[in-house]
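*Asks:* model this:
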Amino acid sequence: MRMAFAALLIFVLRLPFLDHRMLPAGILMSQTKSPIGTGRTINVPSGADFQAALNAANPGDTLVLQSGSAYVGNFKLPNKSGDSYITVTASALISLPPEGQRVSPAHSPYMPKLVAAPGDAVLIAADSTHHYHFVGIECTPAPAAEMTYDIVKVGLGTEREVSTLPHDIIFDRVYIHGSPEQQVRRGISLNGISITVENSYISDIKGRGQDTQAIEGWNGPGPFKILNNYLEAAGENVMFGGAKASIPNLVPSDIEVRHNYLSKPLSWRKEDPSYAGVPWTVKNLFELKNAQRVTVDGNVMEHSWTMAQTGFAVLFTPRAEEGRMPWAVVQDVSFTHNLIRHAASAFTILGVDDTDKTTKGVVRLHRVLIRNNLLADVSGTTWTGHGELFGLYGGPDEITIDHNTGFEDGFVALADGKPTTNLRFTNNITLRGRFGFAGSSTPEGSKVLEKFFPDAVFSNNAIIGGNPSSYPPGNFFPASPSDVGFVDYREGKYQLAPSSRYRKASTDGKDLGADIRALDAAAAGAVGGR
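*Replies:* Residues are numbered from 1 along each chain as shown. Predicted coordinates for the structure are as follows:
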């Protein structure tokens, strides 16, 4: 028995995948399998060559970086054959939140830090690179860099064929950030196939006189998953489109944005007492310029004010990039169970690219559903803007705005330009604000619907403080919020009380306004990360 065991041990020790001579100098390998990967566990100690470790890793291997240590370079992910993930993780992974929970800056001491060398991103996935999984890693720009274009670069953004794009890459519980003084254009650029960013924290992405994004993609077809992250950027916290796709006819597609917290610190706002003194270029929280089949659900989006733009939180604005992308569209978007708050305005919905002289007038926005959202403190007075819930411009098509609850001080909606076709505006509860459901140079309400929404379905809405004579029949006009029958309006409890006359008053037999219980369930923990 002992001889058999000894022979087996000698055989195992001679296997090629256990040969330490195959690994770069200074990098050690454990003979136990990774809890994440399916192959070797390779320890990359402080001071070791991380690029050499990446080059030597096989699909299924796990590279364990030393928590608290810094690895400096512009690390390019090698293209390996096979479809098992190479995992890069922290030696103190057990001290980080478990799978499904978000990290924060407080977890930095337990993470290994990848620090960019001057000149490029700290992590670069290009040339069809695939199947990498990063867990519990911190990524930062070069300390002396005044301007960094990408901290993490998935795809170069200039590829001309889908076959050359990176694919199947996961970032889980990563901390990606600039510093208070630095300019960073993007936290992660997503230009690939099957890319996931989850349970992560991306912050201090900002610049002066230019767009900046925590996450942006423009030259990858997707799918993309953005799940349970904190995302902070001065320009657009998340954006798809916004640059010319080098791959013809490419539209970023099959995008999930769920359970994230998108915010801008008030220290970036001149009017706030906490203002830190630097006029970072602030725009909006979420924007689609070229995207299709997008699900946005269970997110909290807050702090959008007038600075470089007019303070809209969410923009659906298709852009053909001055005629260079005649295929650009925004279509098949579902925006549900989200909380938008503390914003100058909520939604801009644009039917045509009004900046594109080559194909101006071509409707590029189709089929947008906005349902079961709470829009709170949408105030032009507080946040310096229009106080507008819905801006509908340039003739978008098939817009459904249903079962939302909104509190604004300007417009329920504002229309301009070409008429919107196939609008359904139903079962919403909103304040009238100063102007109600308005249109350019047109009296409020029915006249606006006739001019800008000629085939609209507009019914079973409660417009608080509105004048019934200005609107079509089949709607409701409570005099004040107290007449709606909220559970507790002053405390922000906007579910309808059992005694409310607007219970089961919708076209579908449900309560008017957003389903607050469903929204709370979808967005529960989005601010703190579960």
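*Asks:* Any idea what the residue nearest to Glu388 when sequence neighbours are not counted is bridged to?
*Replies:* If you skip the residues right next to it in sequence, Glu388 has Ser345 as its closest partner in space, 4.0 Å away by Cβ to Cβ, 6 or more residues apart in numbering. For every residue, glycine as well, the C-beta is placed using N, CA and C. Judged by DSSP bridges, the bridge partners of Ser345 are Phe312, Glu388.
*Asks:* so who does Ser345 touch?
*Replies:* Ser345 sits next to 304, 310-313, 378, 380, 385-389, 391, 408, 410 when contact means Cβ atoms under 8 Å, 6 or more residues apart in numbering.
*Asks:* Next, the buried residues of stretch 230-249.
*Replies:* Taking 16 or more other Cβ atoms under 10 Å as the neighbour-count basis, stretch 230-249 is seen to contain the buried residues 230-247.
*Asks:* contacting residues for Ala313?
*Replies:* When contacts are taken as Cβ under 8 Å, 6+ apart, Ala313 is in contact with Asn284, Leu285, Phe286, Met301, Ser304, Ile340, Ala343, Ser345, Ala346, Phe347.
*Asks:* Those in strands, which ones?
*Replies:* Judged by DSSP state E, the subset of the contacts of Ala313 located in strands is Asn284, Leu285, Phe286, Met301, Ser304, Ile340, Ala343, Ser345, Ala346, Phe347.
*Asks:* Neighbours of the first one, how many?
*Replies:* To tie it back to what came earlier, the one meant is Asn284. Applying the criterion other Cβ atoms under 10 Å, we find 29 residues in the vicinity of Asn284.
*Asks:* quick one: contacts for it?
*Replies:* Under the criterion of Cβ under 8 Å, 6+ apart, the contact list for Asn284 reads Gly235, Glu236, Asn237, Ser304, Gln309, Gly311, Phe312, Ala313, Val314, Leu315.
*Asks:* any idea which helix or strand carries the last one?
*Replies:* Going back to what we said before, that points to Leu315. Assigning secondary structure by DSSP states H and E places Leu315 in strand 312-316.
*Asks:* Remind me what whatever helix or strand Ile215 lives in packs against, helices and strands.
*Replies:* Ile215 belongs to strand 213-217 when assigned by DSSP H and E. Identification of packing neighbours for strand 213-217 by 3 or more Cβ pairs under 8 Å, 6 or more residues apart in numbering; DSSP states H and E yields strand 183-190, strand 201-205, strand 230-233, strand 236-240.
*Asks:* need the strands for the stretch 1-150 of the chain, in chain order.
*Replies:* According to DSSP state E, counting those that start in this stretch, the stretch 1-150 of the chain carries its strands in the segments 28-30, 41-44, 62-65, 70-72, 75-76, 86-90, 113-115, 123-125, 130-135, 138-140, 147-154.
*Asks:* Likewise for the stretch 251-400 of the chain?
*Replies:* Taking DSSP E, counting those that start in this stretch, the strands of the stretch 251-400 of the chain run over residues 253-258, 261-263, 284-288, 291-297, 300-304, 312-316, 330-336, 339-343, 345-350, 365-371, 374-378, 388-393, 397-402.
*Asks:* Show me the shaky parts of this protein.
*Replies:* Along the chain, the parts satisfying pLDDT under 70 run over 1-37.
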